[in-house]
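*Asks:* Provided below are the primary sequence and the corresponding predicted coordinates.
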Protein chains: 2
Amino acid sequence: MFGRSPIGPLGEATLSEKSSRSEVVYKLLRQAILEQALRPGTKLSEDTIADHFKVSRTSVRAALVRLNAEGIVDLRANKGACVAEPTLEEARDIFALRRMLEAEVIRRLVADLDAAGVKRLQQHVRQEETALSDHGPLSIRLAGEFHILLAELTGSQALTRFVREIVSRCSLILARFARLHSPECAVDEHVQIIRALQSRDTATAERIMLEHLDAVELRAELDTGKEEPDISAILQRYARKG
Amino acid sequence: MFGRSPIGPLGEATLSEKSSRSEVVYKLLRQAILEQALRPGTKLSEDTIADHFKVSRTSVRAALVRLNAEGIVDLRANKGACVAEPTLEEARDIFALRRMLEAEVIRRLVADLDAAGVKRLQQHVRQEETALSDHGPLSIRLAGEFHILLAELTGSQALTRFVREIVSRCSLILARFARLHSPECAVDEHVQIIRALQSRDTATAERIMLEHLDAVELRAELDTGKEEPDISAILQRYARKG
DNA sequence: GTCGTCAACATTGTATACAATAATGTTGAT
DNA sequence: ATCAACATTATTGTATACAATGTTGACGAC
């Protein structure tokens, strides 16, 4: 049916260069999750996704396997996939590790960052400011990508990889626990970070980054009561009572 | 053909509990790579693997996608998979990050580690000593798993995940660059680490771990000349000259 | 002899078909 | 009416078939 046009019905995402179908599905699902369009716990039925994107389940499955490896999709045998639901315990664990990783990023950048890097950061922040007026999902994604850009500027692929993964998982945590769907990071805090980096003052830069991350974590931590009803957990509570 | 017995021809790996075929292929491939039976650069043809394990290419592909996500398999579009070949630059990058992660592990363990944890570590080292006499691939794997066990004992899933990944990639690096195929870590250094942890002296414990990692890295670093001939890299060097 | 072209082959990417498992609904006995 | 056992349905896991791309080697032009 689609033999003639390798990447036909997927449309938009195929403009820049040809990617495989599974690649496109992967990117779109990932974006949807990180922009909180698909919330934690949402069932990801292979058929539904395949129909929606007009591809075969094969491609969808490949995408789900990748997302599972990144920790943003849960995959239970014979029971399908769903958007991961980090627990509060996992959340604290992940935030602790994130502080360590991003502190390292800052330390490296204070030593290394050049003018070109600063320019890229400032450019990114300008994008964030523009997107902010939309109150759309874009600003959520850009906020996370600021931190990834910082990691990239260290020149360490490995560090970037880990920061990317942990930022993704933090997005999930916020999606699950935070009250507001607004961007996770205040843009002006990003501006402060850039200034601190330019000052070459490691202690200050690190402190500002950690305060920034605390602020992000606080938004989740404050709000644990709001966690959406989980049938089995609730029933188990009642079972213990009766 | 295999309709009757869900996990028939794979045999050995299915004893403990039923896993999906792709899961089994994933585990076996991963083990083969980490035990250096499949060396960096080895082509991983889907057909070959499928035939060898008596499963369909579908299951093999799923396994390869996972391994690729972990960074131990390279996957180039339309050109198949091969065991990743970390460059020397990547190697240094990865070792730097590993030092940071494992230093964190040590700091946490000095604070937290209990008697049960010590016992598990000692038990593991005993396994390592036993395996050492075989001079087989097992000792290589166990050496890496000591570091993973350390991470697990911190109780941090996220940290464990990252340590597991980075230890895997270090195994690949050693497989590519180190002269000897013997275990990457000296067992007595592991014993020293345990002792240092018991002493609750953060500075000493951290120093010993870092020295240990330096020793591991040195084994790779010393030996960069031995890198097997890579046509394109060589030609590129000559292209710059001419 | 070297380079370019094209056809035959091999391998990967995707779709579809089938098998196996879990979820759901129905029936009948108590 | 309740519950268990069975039949039915839906969904995932795997295999196979086909399409698309990459590779190899033969042939001919220069």
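*Replies:* Yes, it's here. Numbering: from 1, shown residues only, chains lettered A, B, ... in the order given.
*Asks:* can you show me the strands along chain A?
*Replies:* A:43-44, A:73-76, A:80-83 (DSSP state E).
*Asks:* show me the one of these that comes nearest B:Ser133.
*Replies:* Judged by C-beta to C-beta, the one of the strands of chain A that comes nearest to B:Ser133 is strand A:73-76, at 39.9 Å. (C-beta placed from N, C-alpha, C; glycine too.)
*Asks:* circling back: the strands of chain A: which one's closest to B:Thr58?
*Replies:* Where these are weighed against each other on C-beta to C-beta, the nearest is strand A:73-76, at 15.8 Å.
*Asks:* that closest one close to DNA strand C?
*Replies:* No: using C-beta under 7 Å from any atom of the strand, strand A:73-76 never reaches DNA strand C; the gap is at least 8.7 Å.
*Asks:* give me the domain ranges for chain A.
*Replies:* Domain assignment of chain A by automatic domain parsing yields the ranges A:15-83, A:88-225.
*Asks:* turn the ones you listed into a markdown table, columns for distance to DNA strand D, mean pLDDT and mean neighbour count.
*Replies:* Listed next are these as a markdown table, based on distance: least, C-beta to the nearest atom of the strand, whole Å; pLDDT from 0 to 100; neighbours: other C-beta atoms under 10 Å in any protein chain shown:
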| stretch | distance to DNA strand D | mean pLDDT | mean neighbour count |
| --- | --- | --- | --- |
| domain A:15-83 | 3 | 92 | 17 |
| domain A:88-225 | 20 | 89 | 18 |
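*Asks:* want to throw these into CSV with distance to chain B?
*Replies:* Formatted as CSV, these follow (distance: least, C-beta to the nearest C-beta, whole Å):
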stretch, distance to chain B
domain A:15-83, 4
domain A:88-225, 5
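*Asks:* export the ones you listed to TSV and tack on distance to B:Val110?
*Replies:* Shown next, in TSV, are the domains of chain A (distance: least, C-beta to C-beta, whole Å):
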stretch	distance to B:Val110
domain A:15-83	28
domain A:88-225	16
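*Asks:* before we move on, back to that, now for the strands of chain A, which one comes closest to A:Arg164?
*Replies:* With C-beta to C-beta as the criterion, A:Arg164 lies closest to strand A:73-76 of these, at 15.5 Å.
*Asks:* so how far is that closest one off the chain centroid?
*Replies:* Averaging C-alpha positions (C-alpha atoms, centre = their mean, to the nearest Å) puts strand A:73-76 17 Å from its chain's average.
*Asks:* counting contacts, what elements does it pack onto?
*Replies:* If you count contacts as 3 or more C-beta pairs under 8 Å, 6 or more residues apart in numbering or on different chains; DSSP states H and E, strand A:73-76 packs onto helix A:57-69, strand A:80-83.
*Asks:* quick check: the gap between the closest residue in space to A:Glu145 that isn't next to it in sequence and A:Leu142.
*Replies:* By the measure of C-beta to C-beta, 6 or more residues apart in numbering or on different chains, the closest residue to A:Glu145 outside its immediate chain neighbours is A:His124, 7.2 Å from it. Using C-beta to C-beta, to the nearest Å, we find A:His124 at a distance of 7 Å from A:Leu142.
*Asks:* and what of A:Lys27?
*Replies:* Per C-beta to C-beta, A:Lys27 is found 16 Å from A:Leu142.
*Asks:* what's the nearest residue to the residue nearest the centre of chain A if we skip its chain neighbours?
*Replies:* Centroid-nearest residue in chain A, with C-alpha atoms, centre = their mean: A:Ser168, separated by 2.5 Å. The shortest distance from A:Ser168 to any non-neighbouring residue, by C-beta to C-beta, 6+ apart, is to A:Ile72 (5.5 Å).
*Asks:* contacting residues around that neighbour?
*Replies:* A:Arg30, A:Ile33, A:Leu34, A:Val83, A:Ala84, A:Ser168, A:Arg169, A:Leu172 (C-beta atoms under 8 Å, 6 or more residues apart in numbering or on different chains).
*Asks:* so which of those sit within helices?
*Replies:* Here DSSP state H is the test, and these give A:Arg30, A:Ile33, A:Leu34, A:Ser168, A:Arg169, A:Leu172 as lying in helices.
*Asks:* quick revisit: select, out of the domains of chain A, the one closest to B:Val55.
*Replies:* Of all the domains of chain A, it is domain A:15-83 that lies closest to B:Val55, at 15.4 Å by C-beta to C-beta.
*Asks:* from the chain's centroid, how far away is that closest one?
*Replies:* Here domain A:15-83 is found 15 Å from its chain centre; the criterion is C-alpha atoms, centre = their mean.
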